[in-house]
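Student: Mind folding the following:
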Amino acid sequence: MIQESLLRRGLRGMNAGVVALTEAPVIGKVLGKSFAQISYVGRRSGRTFTTPVNYRRSGDEYVIGAAMPDKKKWWRNFLDEGGPVTLRIDGVDHVGHAVAHRDPRGRVTVRVRLDTVD
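Tutor: I've put the predicted structure just below:
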């Protein structure tokens with residue numbers, strides 16, 4: 001229990017460091033090409049969460065791989081029908097819809113389609 005608590009605090013600190021780097025003037029432009037911040041409302045808690053993620057672009061979708069998915073819970077908010085998200089990329093917020101999928105090998109991918117503005 002103590003070890004898990006220390007791990008969570010360490011991960012929170014690391015996430016805060018990644019967020020700070022993505023917002024830094026010079027290095028943020030480099031990291032911004034593969035890192036984003038995803039914000040969402042927890043299905044059970046109703047609280048808003050923000051976490052840094054690594055993404056890649058695939059056509060009109062942003063694809064996020066959940067590394068070590070059994071140790072993380074954020075992606076579970078997007079199972080089944082998925083849910084609304086905000087992706088902060090290069091300092092700009094983009095609203096969209098995310099859907100998580102777990103493949104037979106246990107890998108988790110979250111696909112985000114951004115809303116179009118007419």
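Student: residues contacting the residue nearest to Arg47 when sequence neighbours are not counted?
Tutor: Leaving aside its sequence neighbours, Arg47 sits nearest to Val41 (Cβ to Cβ, 6 or more residues apart in numbering; 7.0 Å). C-beta coordinates here come from the backbone N, C-alpha and C atoms, glycine included. Counting by Cβ atoms under 8 Å, 6 or more residues apart in numbering, Val41 makes contact with 47-49, 77, 83-84.
Student: ok, now Ile64?
Tutor: Contacts of Ile64 by Cβ under 8 Å, 6+ apart are 36, 38, 53-55, 75, 98, 109-112.
Student: Just put those in CSV and tack on pLDDT and neighbour count.
Tutor: Formatted as CSV, the entries for the contacts of Ile64 read as follows, by pLDDT from 0 to 100; neighbours: other Cβ atoms under 10 Å:
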residue, pLDDT, neighbour count
Ala36, 92, 24
Ile38, 95, 25
Val53, 94, 21
Asn54, 93, 14
Tyr55, 95, 20
Trp75, 95, 22
Ala98, 98, 22
Thr109, 97, 16
Val110, 98, 25
Arg111, 98, 17
Val112, 98, 23
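Student: Quick one: low-confidence residue ranges for this protein.
Tutor: The model of the chain has pLDDT under 70 over residues 1-33, 117-118.
Student: hang on, the earlier thing: I would like a PyMOL command selecting only the buried ones among the contacts of Val41, please.
Tutor: Buried residues within the contacts of Val41, by 16 or more other Cβ atoms under 10 Å, are selected in PyMOL with:
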select buried, resi 77+83
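Student: Sitting in strands, which of the contacts of Ile64 do you find?
Tutor: Counting by DSSP state E, the part of those found in strands is 36, 38, 53-55, 98, 109-112.
Student: which residues of the chain fall in strands?
Tutor: For the chain, the strands defined by DSSP E occupy 35-41, 48-58, 61-66, 83-89, 92-102, 108-114.
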